[in-house]
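Peer 1: Next one to model:
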Amino acid sequence: MTVTGTFLDANDQPRVEEKVRFLNETSPQADPLGIITARIVEVELDEHGVMDPTVLEQGTYLVHVGFGKRDWFRILVDGTSDAADIKSLLIAQNQEDLDQDGVNYRVKSGYLQLLNVDTGAWHTVQIVGQPGLEQLEIVIPGMYSDPLTIGSNYRVLDDQFQLLNVDTLLFHTLQLVGQPGEEEFEIVIPGVA
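Peer 2: Have a look, this model is predicted:
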């Protein structure tokens, strides 16, 4: 099957000149003489984040983009000679791995983003500050936190929505408080690992 695709970061910017590696997980297989392994297929993205059409054999592949610890996913390639966009081959590991879109929020590459209804721009939301001085920060587009450093900026623990404090690497429950017309965010302290 010939696989094509475009790779973007959380800011919808192209992953420029990154390497994409395809490891066939159907291998290795035992052989009387040893272990038969599949070669890793490697392609480089162009200046638009587009990969050249790449022929892959049938099987399940682990796809690794660049060198990010979180930038991997699995695809399932069938035995046809058809062409397919890599998005259509994606195997969901669990529902949290998928990007999600709402009316005023989205989860993009593991980061919670809120919509600025005045400008239409998406902003990553995170907590910053040392213990006792925590506050919400709206990240300006293009200034995204490095996923190698902090991982996702949110989680749900015990049915509570939590945001990561990027300074302490602790998660804080985020809730709305206040009377009608006076609503505001409250960051529950202390944070937890």
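
Peer 1: How about the contacts made by Asp158?
Peer 2: By Cβ atoms under 8 Å, 6 or more residues apart in numbering, Asp158 lies in contact with nothing. Quick note: C-beta positions are derived from backbone N, CA and C, even for glycine.

Peer 1: so what's Asp52 closest to, chain neighbours aside?
Peer 2: The spatial neighbour of Asp52 that comes closest, neighbours along the chain excluded (Cβ to Cβ, 6 or more residues apart in numbering), is Val43 at 5.8 Å.

Peer 1: now Ile75
Peer 2: Nearest to Ile75 is Leu89, by Cβ to Cβ, 6+ apart, at 3.9 Å.

Peer 1: Just name the shakiest helix or strand of the chain by mean pLDDT.
Peer 2: helix 147-150 (a mean of 34; mean pLDDT, DSSP states H and E).

Peer 1: Give me the neighbour count for the residue nearest to Asp52.
Peer 2: Here the neighbour count serves as a burial measure; for Val43 (other Cβ atoms under 10 Å) it reads 16.

Peer 1: thinking again about what came up before, how many residues are close by the residue nearest to Ile75?
Peer 2: By other Cβ under 10 Å, 20 other residues sit near Leu89.

Peer 1: ok, now Leu56?
Peer 2: Leu56 sits with 18 neighbouring residues when counted by other Cβ under 10 Å.

Peer 1: Name all residues that make contact with it.
Peer 2: Contacts here follow Cβ under 8 Å, 6+ apart; on that basis Leu56 touches Met1, Val3, Phe22, Asn24, Val41, Val77.

Peer 1: which SSE is Phe22 in?
Peer 2: Taking DSSP states H and E as the definition, Phe22 sits inside strand 19-24.

Peer 1: Just say helix, strand or coil for Lys87.
Peer 2: When the structure is reduced to helix, strand and coil (DSSP: H, G, I helix; E, B strand; the rest coil), Lys87 reads as helix.

Peer 1: returning to what we had before: looking at the contacts of Leu56, spot the one nearest Gly129.
Peer 2: Within the contacts of Leu56, proximity to Gly129 (Cβ to Cβ) peaks at Phe22, which comes in at 41.5 Å.

Peer 1: So what sits opposite that closest one in the bridge?
Peer 2: Residues found in beta-bridge contact with Phe22 (criterion: DSSP bridges) are Val41, Val63.

Peer 1: Pretty sure it sits against Val41.
Peer 2: Yes. If you go by Cβ atoms under 8 Å, Phe22 and Val41 touch, sitting 4.2 Å apart.
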